[in-house]
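A.B. asks: quick one: sequence and predicted model below, then my questions.
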Amino acid sequence: MSHSTENLPVADPFVEESGLPVVGHWIDGTYHASRGGRTAPVYDPAIGKQTKEVALADEAEIEAAIASAARAFPGWAATSMTKRQAVVFRFRELLNERKHELAEIITSEHGKVVSDALGEVQRGLEVVELATGFPHILKGEYSENVSTGIDVYSTKQPLGVVGIISPFNFPAMVPMWFFPIAIAAGNTVVLKPSEKDPSASIWMAELWKEAGLPDGVFTVLQGDKVAVDGLLTHPEVQAISFVGSTPIAKYIYETAAKHGKRVQALGGAKNHMLVLPDADLDLVADQAINSGFGSAGERCMAISVVLAVEPVADELIEKITERIGKLRVGDGRREPDMGPLVTAQHRDKVASYIDIAADDGATVVVDGRGIEVEGADEGFWLGPTLLDNVPTTSRAYTEEIFGPVLSIVRVESYQEGVDLINSGAFGNGTAIFTNDGGAARRFQNEIQVGMIGINVPIPVPVAYYSFGGWKNSLFGDSKAYGIQGFDFFTRQKAITSRWLDPATHGGINLGFPKND
Ligand code: NAD
């Protein structure tokens, strides 16, 4: 198995003024080097240095990308299911063989630990595997003789060009929530990845080409708001799948809908873990650590608030604190427990919430600021941080922090915990920890959240169940992947058919058709 990334077309051989390589676009089945336009910096977060630039698409590049996808659509939509399935299968095989390469690319720009990056690829692979079974899922319905001599049936057809706009925290998995299904269903895709970690998408585009996907079916358009707005407003683009922060998700939903597009926009989160007094506190402490600090808290399904139903808080804090003391923070390539944050700016923003919480009266039990990592002074570090007694009026409680900061909020009862969760603005994920089956069952029924874990802290559904939250965590009617994913990327037709013959013809009748 090769771990080399040397031969991958992840950077422009022509360097910009900075002397750094520039990550370009993938249009018409070809890598497109930057044309000397606007760029944004790409960092290696563990060494804290800019290592590349990424091209930011201009109007001409946006037009070229969408036009190429539009040209490719009729041919791909008309390609037989058997042939489309063979390409998706081949993509699955290649990805499985070479997933380590992709994981290393993710770590070099995002910072997460390589094994965690591999986990992300594996979860994306699950959706590719689901997509290989698309002929079964896209079967229509058929009803014979609904009226005398009349049959009704339905088919599902692809939409055309679809746009995917993805966040920095899962540069491979989140695009794979959408594009395997969109492509299998016969659409052509323009992916606009996060400008913070743009190389994974180019690597995946190369892999599609190797798998035999025709040019133009999968396009990567690097960029910022200009590229996003191009996708949201272009008449050729039929649908938008977005994942990112809530304010941008709202903007995407409104703008794409205003331009007549189908849209699913997944937003931010503030996920609570409700710990009942009967729970096994060692298990809870382990899971709170895993879900709070895995990927440095940069997961939309991370647990950021533990609601401890008294009297467990003191004991639980002791157990969590002890475990934090053993966590190793460092360069993700060396397999520590936790890597750096994605940029210095993001690290500083996350750290500012520790001040906010303290100013509002919270106790900083473990302070991750000022952590030192040997031999990597410049990395974007923030150690695991534990806050106690966080007031629910504090911005540290009401806003998404998206970093390794775990807040404890003490509550007196199950009901107080449930009321807090249900009064929040977000509804992405939540978990209950208890050995009481009745309480867990009540929780799953009463809680106003899209994805629920029962003694499972990060309940990301498998590929054949759809992923998505409620309230400010999802704008639009469709969740990602699963059957809802196939519904999102297809439109249905209902056909009413009669083959005229004298026995069923019925003659002239101007009344509204009724079935008899
Ligand atoms: P972000 O909202 O900053 O960026 C997401 C995408 O939108 C990127 O491609 C970015 O280039 C683009 N974008 C940014 N600003 C824009 C603007 N003003 N106009 C148009 N486009 C713009 O999010 P992020 O920081 O990359 O990712 C972290 C966020 O994503 C967190 O809020 C996290 O909860 C959320 N997220 C949610 C899920 C989910 O399934 N609900 C999954 C992963 C991440």
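C.D. replies: Everything's here; your move.
A.B. asks: determine how far the last residue of stretch 178-190 lies from the first.
C.D. replies: End-to-end distance of stretch 178-190 (C-alpha to C-alpha, to the nearest Å): 11 Å.
A.B. asks: again, but for stretch 36-55
C.D. replies: Taking C-alpha to C-alpha, stretch 36-55 runs 8 Å from one end to the other.
A.B. asks: what do you get for stretch 261-278?
C.D. replies: Terminal-residue distance, stretch 261-278 (C-alpha to C-alpha): 49 Å.
A.B. asks: for stretch 332-347, same thing?
C.D. replies: Stretch 332-347 has an end-to-end distance of 16 Å (C-alpha to C-alpha).
A.B. asks: which parts of it are buried?
C.D. replies: Neighbour counts over stretch 332-347 (16 or more other C-beta atoms under 10 Å) mark 332-333, 336-344, 346-347 as buried. Every C-beta, even on glycine, is put in place using the N, C-alpha and C of the backbone.
A.B. asks: helices - which of the residues you listed land there?
C.D. replies: 344, 346-347 (DSSP state H).
A.B. asks: what's the closest of those to residue 207?
C.D. replies: Minimum distance to residue 207 across these is 28.6 Å, recorded for residue 346 (C-beta to C-beta).
A.B. asks: quick one: contacts for the closest one?
C.D. replies: 380, 402-403 (C-beta atoms under 8 Å, 6 or more residues apart in numbering).
A.B. asks: report the distance from stretch 149-163 to the chain centre.
C.D. replies: Offset of stretch 149-163 from its chain centre (C-alpha atoms, centre = their mean, to the nearest Å): 27 Å.
A.B. asks: what residues does the stretch 251-400 of the chain put near the ligand?
C.D. replies: Neighbours of the ligand within the stretch 251-400 of the chain, by C-beta under 6 Å from any ligand atom: 266-269, 300, 400.
A.B. asks: beta partners of residue 490?
C.D. replies: residue 158 (DSSP bridges).
A.B. asks: number the residues from 12 up from this point.
C.D. replies: Shifting the count to begin at 12 puts that one at residue 501.
A.B. asks: how much space separates it from the ligand?
C.D. replies: 22 Å (C-beta to the nearest ligand atom, to the nearest Å).
A.B. asks: for that residue, give its distance to residue 88.
C.D. replies: 11 Å (C-beta to C-beta, to the nearest Å).
A.B. asks: looking at these two, which has the bigger crowd around it?
C.D. replies: Between residue 501 and residue 88, counting by other C-beta atoms under 10 Å, residue 501 is the more crowded of the two (21 against 17).
A.B. asks: identify each buried residue in stretch 88-107, please.
C.D. replies: Residues of stretch 88-107 classed as buried: 88, 90, 95-96, 98-103, 105-106 (neighbour count, 16+ other C-beta under 10 Å).
A.B. asks: so which residues make contact with that stretch?
C.D. replies: 87, 113, 132, 135-136, 139-140, 142-143, 145-146, 149, 168-169, 191, 194-195, 197-198, 215, 218-219, 221-225.
A.B. asks: distance between that stretch and the chain's centre?
C.D. replies: 23 Å.
A.B. asks: show the average pLDDT along it.
C.D. replies: Taken as a whole, stretch 88-107 has a mean pLDDT of 98.
A.B. asks: just the pLDDT for the residue most central in space within the chain.
C.D. replies: The residue lying closest to the centre of the chain (C-alpha atoms, centre = their mean) is residue 185, at 3.3 Å. pLDDT recorded at residue 185 is 98.
A.B. asks: tell me which element it falls in.
C.D. replies: Assessed by DSSP states H and E, residue 185 sits inside helix 184-195.
A.B. asks: now do the helix or strand residue 430 falls within: which elements does it pack against?
C.D. replies: Using DSSP H and E, residue 430 sits within helix 425-434. Here helix 425-434 touches strand 282-286, strand 314-320, strand 416-422, helix 448-457, going by 3 or more C-beta pairs under 8 Å, 6 or more residues apart in numbering; DSSP states H and E.
A.B. asks: mean neighbour count and mean pLDDT for these - can I get that in TSV?
C.D. replies: Shown next, in TSV, are these (neighbours: other C-beta atoms under 10 Å; pLDDT from 0 to 100):
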stretch	mean neighbour count	mean pLDDT
strand 282-286	27	98
strand 314-320	26	98
strand 416-422	24	98
helix 448-457	14	98
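A.B. asks: hmm, back to that, just the contacts of stretch 88-107: which are in strands?
C.D. replies: 168-169 (DSSP state E).
A.B. asks: check the contacts of stretch 88-107 for burial and list the buried ones.
C.D. replies: 87, 113, 132, 135-136, 139-140, 142-143, 145, 149, 169, 191, 194-195, 197-198, 215, 218-219, 222, 224-225.
A.B. asks: near the ligand, which residues of the stretch 412-527 of the chain?
C.D. replies: Residues of the stretch 412-527 of the chain that fall close to the ligand, judged by C-beta under 6 Å from any ligand atom: 413, 439, 480, 484.
A.B. asks: and these, which two are furthest apart?
C.D. replies: Going by C-beta to C-beta, the pair spanning those furthest: 413 and 480, at 14.8 Å.
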